[in-house]
Structure formats: structure tokens, C-alpha cells
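Q: here is a sequence with its predicted model. Questions after.
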Amino acid sequence: MNIDELKKRLQPVFKKHNIEKVILFGSFARGEASRRSDIDLILVQNTKLRFLDRYDDVLPSFSRALPEWDVDLLIYTPAELKKISNRHFIRQALKEGKVLYESQ
């Protein structure tokens, strides 16, 4: 699957869950994905849900949209992402990542 197909399949999910921004990182973003790769996404969502409850809210929609892939999600509010953006892992993901979606 290429990035354009990924965007197309996930667009309804982004809108359904009021996601503000989606960043693809990892092997898919680098163009090194294989059939055994997972899809790594950072989601920026303005939500009041507790950190772990966010997964329960959105993961079923991602699983339905991409049943043949494992999807790993990191879900942050804009303030949370800003606060942790200096951490090495997040900084690297943002540096190598590709924006799949950004609300207007």
C-alpha cells in the first residue's frame, strides 16, 4: 500500500474522530515497509478523554479501515505533543514523518 492509498482509506476515520493532524512515521514514512511492517501514526486530537481511553475510542475505526495491517497509534492533544516534542523519540518521529492529514 502506498501513502496515497493510506490517506484515502483513513480520511473518513480522521473526520469521524475530529482528528486535527496525522503524522505517519516509521518504515512506511521512509518507504521501507514490508508486509510484516506496521503502520505508525501520531494523531493530534483535541480531546478530554484520558490518555488510554483515546485508544479505545479510535482504534476500532482504524482496524476496520485497515484490517490487513497492524496500526500503532500515539494519540496526543496539541498541548501534550508540544510539551513532549523535545523527547528524542518524538523529535525523530516528527523529523522523519509525513503529514497524512491536517484539518483546516
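A: Good, I have the coordinates. Numbers count the residues shown, from 1 in each chain.

Q: strands of the chain, residue ranges please.
A: For the chain, the strands defined by DSSP state E cover 19-25, 39-45, 71-76, 98-102.

Q: mind checking how far the second one is from the chain centre?
A: In other words, strand 39-45. Distance of strand 39-45 from the chain centroid (CA atoms, centre = their mean, to the nearest Å) equals 2 Å.

Q: could you say what helices and strands it packs with?
A: strand 19-25, helix 27-30, helix 51-65, strand 71-76, helix 78-84, helix 88-96 (3 or more CB pairs under 8 Å, 6 or more residues apart in numbering; DSSP states H and E). For glycine as for every other residue, the C-beta is placed from the backbone atoms N, C-alpha and C.

Q: and for the last one?
A: Packing partners of strand 98-102 (3+ CB pairs under 8 Å, 6+ apart): helix 3-16, strand 19-25.

Q: of all the ones you listed, which one is nearest residue 104?
A: Nearest to residue 104 among the helices and strands packed on strand 98-102 is strand 19-25 (9.9 Å), distances taken as CB to CB.

Q: what's in contact with that closest one?
A: Strand 19-25 is contacted from outside by 3, 6, 10, 13-14, 39-46, 58, 78, 92-94, 96-103, using CB atoms under 8 Å, 6 or more residues apart in numbering.

Q: what subset of these is buried?
A: 6, 10, 13-14, 39-45, 58, 93, 97, 100-101 (16 or more other CB atoms under 10 Å).

Q: and for the helix or strand of the chain with the lowest mean pLDDT, what's in contact with it?
A: Least confident helix or strand, the chain: helix 27-30 with a mean of 94, by mean pLDDT, DSSP states H and E. The contact list for helix 27-30, computed with CB under 8 Å, 6+ apart, reads 3, 6, 33-34, 37, 39-40, 96-98.
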